[in-house]
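heads up, no residue letters with this:
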């Protein structure tokens with residue numbers, strides 16, 4: 001963390017009550033441009049930012065301005081896309097166990113619809129009508145092992161088998177669908193190019209089978225997301241350029257035509273450029289020493305839910321002096337309400353500013369109200385170093401607003 005950014009955090013703390021999130025616009029734009037440049041060999045390439053990662057309109061507007069589309073999975077995410085002016089092929093709707101109302105909204109926006117189940121073909125036709133172009137989500141079963149976040153593909157609730165997709169294409173053609181796309185998403189937070197390319201290979205083999213069985217050249221192939229970021233200091237960043245080159249080689253090897261290539265990275269785009277800022281409220285010493293923050297698991301669920309690791313900085317204190325062993329906790333009535341366990345940090349004092357890194361994806365969006373806790377504010381650090389409040393903190397009035405009198 002640079003000295004300039006430390007000064008930005010101090011300025012923010014002086015003007016907004018902690019806890020809050022800060023997002024770095026320059027960092028987000030830089031990654032958006034990097035991934036676009038990596039795939040510049042494919043004329044139709046587009047990344048559909050996974051709205052679930054960071055569903056704030058200001059962030060979505062930034063990404064749309066960088067040429068991205070939006071990957072939505074629910075009615076309200078579709079409404080967010082509409083709010084920022086995205087429709088048509090700028091919106092990919094990938095859902096599961098989908099209600100008819102969501103399909104109707106997707107059709108109203110003329111979004112690209114990605115079906116998760118073979119039975120959804122008839123359901124979509126009944127509820128909202130079939131579009132000219134349809135996409136199908138593939139679950140390649142045992143190609144990879146999966147991980148603790150997304151689980152094993154064979155046990156996942158997402159996607160269809162190879163035979164189901166082949167059947168779906170045939171049935172959809174009979175119903176008048178003229179164009180097709182293919183999609184998969186079976187990894188999450190992976191840093192391994194080889195794993196990602198194995199999935200691409202399986203997807204392309206299915207694309208080839210579709211071509212051979214139904215004489216269909218796919219309009220696009222969506223490689224999904226799941227590209228990870230290095231949460232730990234000893235982890236290497238995902239080589240997006242190497243991945244893109246590997247995809248290019250596989251497409252040229254497996255297919256006789258060139259479809260548009262899509263991705264739906266979310267975490268990779270915004271994850272490293274978000275920070276949860278909190279203050280030390282209490283320090284407790286029993287069998288262990290606990291740093292109690294004014295943020296809790298309701299602000300950042302990942303460590304408590306997955307045991308996920310996030311780097312932590314105590315502002316103004318050199319991490320080389322990290323000699324104290326702490327559990328860093330919140331104040332929820334749950335023992336897994338911990339941001340770190342047995343973490344070596346500099347000696348902390350009440351009132352210290354603590355920054356939790358790499359929280360720009362699956363952070364604020366996974367917040368909740370257990371124990372009556374309120375969701376925090378979100379700030380945007382613009383490229384000119386000005387700060388903008390892009391979501392105010394919740395108030396008790398917000399919490400009680402949905403109760404019947």
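Now that the structure is in, tell me what you want to look at. Everything numeric in this text was worked out from a predicted model, so none of it was measured.

Can you name the residues in contact with the longest helix along the chain?
Of all segments of type helix in the chain, defined using DSSP state H, the longest is helix 193-214. Contacts of helix 193-214 with the rest of the structure, by Cβ atoms under 8 Å, 6 or more residues apart in numbering, involve 138, 140, 143-144, 162, 165-166, 169-170, 173, 180, 182, 184, 186-187, 190, 216-218, 221, 223-224, 226-227, 238-239, 242-243, 246-247, 250-251, 254-257, 259. Using the backbone N, CA and C atoms, a C-beta is placed for each residue, glycine as well.

And the nearest residue to residue 16 once chain neighbours are set aside, how close does it get to residue 334?
Of all residues not flanking residue 16 in the chain, residue 377 sits nearest, at 6.1 Å (Cβ to Cβ, 6 or more residues apart in numbering). Between residue 377 and residue 334 the distance, using Cβ to Cβ, to the nearest Å, works out to 23 Å.

which one of the two has more residues nearby?
Using other Cβ atoms under 10 Å as the criterion, residue 377 and residue 334 rank with residue 377 on top: 20 against 14.

From residue 4, how far off is that one?
From residue 377 to residue 4 the distance is 21 Å (Cβ to Cβ).

do residue 276 as well
Counting by Cβ to Cβ, the gap from residue 276 to residue 4 is 19 Å.

which one of those two has more residues nearby?
residue 276 (26 against 8).

was I right about that one contacting residue 358?
No: contact criterion Cβ atoms under 8 Å: residue 276 and residue 358 do not qualify, at 9.5 Å.

Tell me how far residue 194 lies from residue 74.
33 Å.

Who has more neighbours out of those two?
residue 74 (17 against 10).

Look up how far residue 270 lies from the more buried one.
19 Å.

Same check on residue 285?
According to Cβ to Cβ, residue 285 and residue 270 sit 37 Å apart.

Looking at the two, which one has more neighbours?
More crowded of residue 285 and residue 270, by other Cβ under 10 Å: residue 270, with 30 against 7.

What is the burial count for the closest residue to that one other than its chain neighbours?
In space, and not counting its chain neighbours, residue 270 is closest to residue 360: 4.0 Å by Cβ to Cβ, 6+ apart. Counted with other Cβ under 10 Å, residues neighbouring residue 360 total 27.

pretty sure residue 360 is touching residue 268, no?
No: if you go by Cβ under 8 Å, residue 360 and residue 268 don't touch, sitting 10.3 Å apart.

by contact count, what packs against the lengthiest strand in the chain?
Across the chain, the longest stretch assigned as strand under DSSP state E is strand 274-285. Counting contacts by 3 or more Cβ pairs under 8 Å, 6 or more residues apart in numbering; DSSP states H and E, strand 274-285 packs against helix 3-15, strand 20-24, strand 289-293, strand 353-356.

Nearest to residue 404, out of these?
Closest to residue 404 of the helices and strands packed on strand 274-285, according to Cβ to Cβ: strand 20-24, at 31.1 Å.
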